[in-house]
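> Quick one, what's the 3D model for this:
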Amino acid sequence: MRNIQAHSSEGFTLIELMVSIAIISILSAIIFASFTTARKQSRVAERVTDMKQVQAALEFYYAANRSYPSTGGSGNWRGVCVNWGSYTANNTIPGLAPLYIPVVPTDPQTDVANSLSCYLYTSDGKDYAFLDHNVPEMWANQSAPNYMNYPELVDPTRDGGSNGSVVDGNAPWAWKVYSPGAIGW
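Prediction:
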């Protein structure tokens, strides 16, 4: 009977370790990039849902009251951000919550101090405008997504074009839902 001794190594070689670390690093980078994109898309979906829910709640309010919640005029924008009055979310649109919507939403990335990613509202009672204002991750020079992915929400007044009544620009910086008389606000 021959005695065959198996060759046994006590660990990994340096090359094996380096290859393993490289593979793990590549997989981690791919997963991180996918996760970052998924998080952005989730925030965009939340914004779209918020805009449509607020629009529906405002129409319910109008049906019950024959006017929209007023901020005292079309130039009186209200929001949670510093530049727009530092209102609480529910006071951004007076009288809307909790009867017509449980809570008035805020943008998932609201930066109160720098007035970025703010939902803004204005109304003269007859018409209203509700903006998703100045969201950095939505700007066209950022990696997708951007405002133009939802052209029906692009604010004609803030699209970088020359006509405030139609979407004719290529640099939008706000989404808006509004009543017909507030298209140019």
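> State the mean pLDDT of whichever helix in the chain runs longest.
For the chain, the helix reaching the highest residue count under DSSP state H is reported as helix 14-65. Within the predicted structure, the mean pLDDT of helix 14-65 is 87.
> For the following helix or strand past it, C-alpha coordinates in PDB please.
Of the helices and strands lying after helix 14-65 in sequence (DSSP states H and E), the nearest is strand 73-78. Only the C-alpha atoms of strand 73-78 are listed here, as PDB (Å, rounded to 0.1, in the frame of the first residue of the first chain):
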ATOM      1  CA  GLY A  73     -53.200  86.200  -3.100                       C
ATOM      2  CA  SER A  74     -51.200  84.600  -5.900                       C
ATOM      3  CA  GLY A  75     -47.900  86.000  -4.800                       C
ATOM      4  CA  ASN A  76     -48.100  84.700  -1.200                       C
ATOM      5  CA  TRP A  77     -46.200  81.500  -1.500                       C
ATOM      6  CA  ARG A  78     -46.100  79.300   1.600                       C
END
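> next one: the helix or strand that strand 73-78 is followed by to chain centre, how far?
Helices and strands here follow DSSP H and E; after strand 73-78, the next one along the chain is helix 89-92. Its chain's average C-alpha position is 18 Å from that of helix 89-92, according to Cα atoms, centre = their mean, to the nearest Å.
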